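Asker: Sequence and computational prediction follow.
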Amino acid sequence: MEKEITCVAPPNIALIKYWGKKDENLIIPLNNSFSITLDSSDLFTKTTVRFCDPKKNEEDKFTLNEKPQKLASHKRIVNLIAKIREKSSLPNKDDPIEIDSMNSFPTAAGLASSSSGIAALTYCLGNLFEVYGTEPLQLDQVEIGKSTKKQEGKNEENKQVADLLRREKLSAISRQGSGSSCRSMFGGFVEWIAGEKNDGSDSRAKQIFPKSVWPELRVLVCVVRSEQKKVSSTLGMRRSVETSEYIDKFSTKVVPKNIKQIKQAIQSQDFETFANVTMKNSNAFHSVCLDTFPPIFYLNQDSKKVIDFVHSWNDIFGTQVGYTFDAGPNPVLIMLNKNLPSFLDAFVQTFQIENLVNQPLQQILKDSQFNKLVQKFPIDKQNICLERIIPTKIGDGVKQL
Ligand SMILES: Nc1ncnc2c1ncn2[C@@H]1O[C@H](COP(=O)(O)OP(=O)(O)OP(=O)(O)O)[C@@H](O)[C@H]1O
Ligand SMILES: C[C@@](O)(CCOP(=O)(O)OP(=O)(O)O)CC(=O)O
């Protein structure tokens, strides 16, 4: 049996957005970005990579969601494999490989499948080709001492430091497959540092806070049915860099300010600031899209209905919910656990989406107190084309199974 590695990676959602590159080939961004990693028990990519018998297979192979792919039409993946091989010192590194991957949620629908997909692939490849050490860790730079209790604790700490460092280095490779994927190397709250070097070697993700700093946060990923074919993030941001004047202000003023604000808000568990900064940065990003020429419309009528709904709710109850939208119409809603059941109840009733209430949502709705609040917030029924609501929370980074 040839060696094989299986990894599971979560998608991440940027609260402070990456939009625009300084270097298109190396994928070096104009600005830092800041994300939360979603829980891979709810949304994930699972990827297996194995070496094949060099006598039987001549080429690398890629299967995505059970469909064999023409690898040549996934140029960034070809590039990623080449970069990993370049860094590997395995004697069999040129043997063909087989990649088998599946996403637990729609691919290329603006739900960040590229972030989890490329992160899972990079981590698998890194471990298969033993790049920057292996998994479990090869602690060549870390001193392993005698097994006294104190030393064991220290070794554990060293292992964690080595793991974080290795993930950082792998994130710089993942970034070159799809920028946002580098942030899925880590769990919790993650910053992608744009970096200063022309070769991109310092353009990496770092974990800023573990998920444990704010365990009460909950996320609803809403999937909107959309007829429109979206402009891909890669093309959209290229067009913005070429034509938008506002993008300069966004990347040099708005984003640095928002990153500082959101870190402080997380540290002090100030939900109001956290949600307001998240919503404002999402709106600022979509303003860049509107300022692009010709303009790009990622938000649709349904997205706008959800934005209005969140603001109406917050006007009555104080800022309990934040929204953010990537390059698509799908709302991602963030709130504290204690506010989730009643908000979800009002959301389901307003948008008449009882048909979407499955077992996990039912479980949440059991704790709704909305019947006591309905006088303050009368239901104003509206139509919306939602396909699915996925409740989740903040989770860990990519891992090997
Ligand atoms: N499981 C996977 N393994 C490897 N590559 C994947 C995987 N899933 C998606 N991709 C890559 O990501 C591409 C889709 O990325 P795209 O940016 O169009 O969609 P998205 O990530 O779902 O949306 P967005 O980036 O706008 O949030 C696929 O064509 C494929 O190249
Ligand atoms: C709006 C975004 O989701 C854009 C993500 O862009 P991608 O990472 O998909 O783009 P490429 O680097 O060209 O692959 C914001 C974000 O995730 O920060």
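Answerer: Nice, I can see it. Ligands and ions are numbered 1, 2, ... in the order given.
Asker: contacts and neighbour counts: CA atoms only from here.
Answerer: Fine.
Asker: near ligand 2 at all, the worst-scoring helix or strand of the chain on mean pLDDT?
Answerer: The helix or strand of the chain with the lowest confidence, counting by mean pLDDT, DSSP states H and E, is helix 149-174 at a mean of 85. No. If you take C-alpha under 6 Å from any ligand atom as the test, helix 149-174 misses ligand 2, and the best it gets is 9.9 Å.
Asker: For that helix, buried residues please.
Answerer: Neighbour-count burial for helix 149-174, counted by 16 or more other C-alpha atoms under 10 Å, picks out 155, 158-159, 162-164, 166-174.
Asker: Stretch 184-199 too?
Answerer: Residues of stretch 184-199 classed as buried: 184-195 (neighbour count, 16+ other C-alpha under 10 Å).
Asker: Check stretch 12-22 too.
Answerer: Quick answer for stretch 12-22 (16+ other C-alpha under 10 Å): 12-21.
Asker: can you tell me which of those residues are in strands?
Answerer: The strands, defined by DSSP state E, take in 12-16, 21 from the buried residues of stretch 12-22.
Asker: ok, Ile16 touching Val255?
Answerer: Yes. Proximity of Ile16 to Val255 meets the contact threshold set by C-alpha atoms under 8 Å, at 6.6 Å.
Asker: quick one: common contacting residues for those two?
Answerer: 33, 281 (C-alpha atoms under 8 Å, 6 or more residues apart in numbering).
Asker: what about stretch 223-233, how long is it end to end?
Answerer: From its first residue to its last, stretch 223-233 covers 18 Å (C-alpha to C-alpha, to the nearest Å).
Asker: rewinding a little: what strands line up against the helix or strand that the least confident helix or strand of the chain is followed by, and which way round?
Answerer: Note on helix 149-174: by DSSP states H and E, the next helix or strand toward the C-terminus is strand 189-193. Strand 189-193 pairs in its sheet with strand 33-37 (antiparallel), strand 204-209 (antiparallel), by DSSP bridges.
Asker: Could you give the average pLDDT over strand 189-193?
Answerer: Average pLDDT, strand 189-193: 98.
Asker: show me what contacts whichever residue of the stretch 251-400 of the chain sits closest to ligand 2?
Answerer: Going by C-alpha to the nearest ligand atom, ligand 2 is nearest to Asp326 of the stretch 251-400 of the chain, at 4.1 Å. Going by C-alpha under 8 Å, 6+ apart, Asp326 touches 13-14, 110-111, 282, 298.
Asker: Domains in this protein, by residue range?
Answerer: Segmentation of the chain into domains, based on automatic domain parsing, reads 4-211, 217-393.
Asker: The shortest one: end-to-end distance?
Answerer: End-to-end distance for domain 217-393: 6 Å, by C-alpha to C-alpha.
Asker: ok, it near ligand 1 or not?
Answerer: Yes. Using C-alpha under 6 Å from any ligand atom, we find that domain 217-393 touches ligand 1 at 232-233, 326-327.
Asker: cool, and the first one?
Answerer: Yes. Counting by C-alpha under 6 Å from any ligand atom, ligand 1 has neighbours in domain 4-211: 45, 74, 101-103, 107-115, 117-118.
Asker: For ChimeraX, what selects the buried ones among those residues?
Answerer: ChimeraX command restricting the residues of domain 4-211 next to ligand 1 to the buried ones, with burial defined by 16+ other C-alpha under 10 Å:
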select :45,101,102,103,107,109,110,111,112,113,114,115,117,118
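Asker: Which of the residues of domain 4-211 next to ligand 1 fall in helices?
Answerer: Assigned to helices by DSSP state H, the following of these qualify: 113-115, 117-118.
Asker: for the buried residues of helix 149-174, which one is nearest ligand 1?
Answerer: Distance to ligand 1 across the buried residues of helix 149-174 (C-alpha to the nearest ligand atom) is lowest for Ser174, with 11.0 Å.
Asker: Which residue is the nearest non-sequential neighbour of that closest one?
Answerer: Sequence neighbours aside, Cys182 is the residue nearest to Ser174 in space, at 5.2 Å (criterion: C-alpha to C-alpha, 6 or more residues apart in numbering).
Asker: Correct me if wrong: that neighbour contacts Ser115.
Answerer: Yes. Between Cys182 and Ser115 there is a contact under C-alpha under 8 Å: 7.4 Å.
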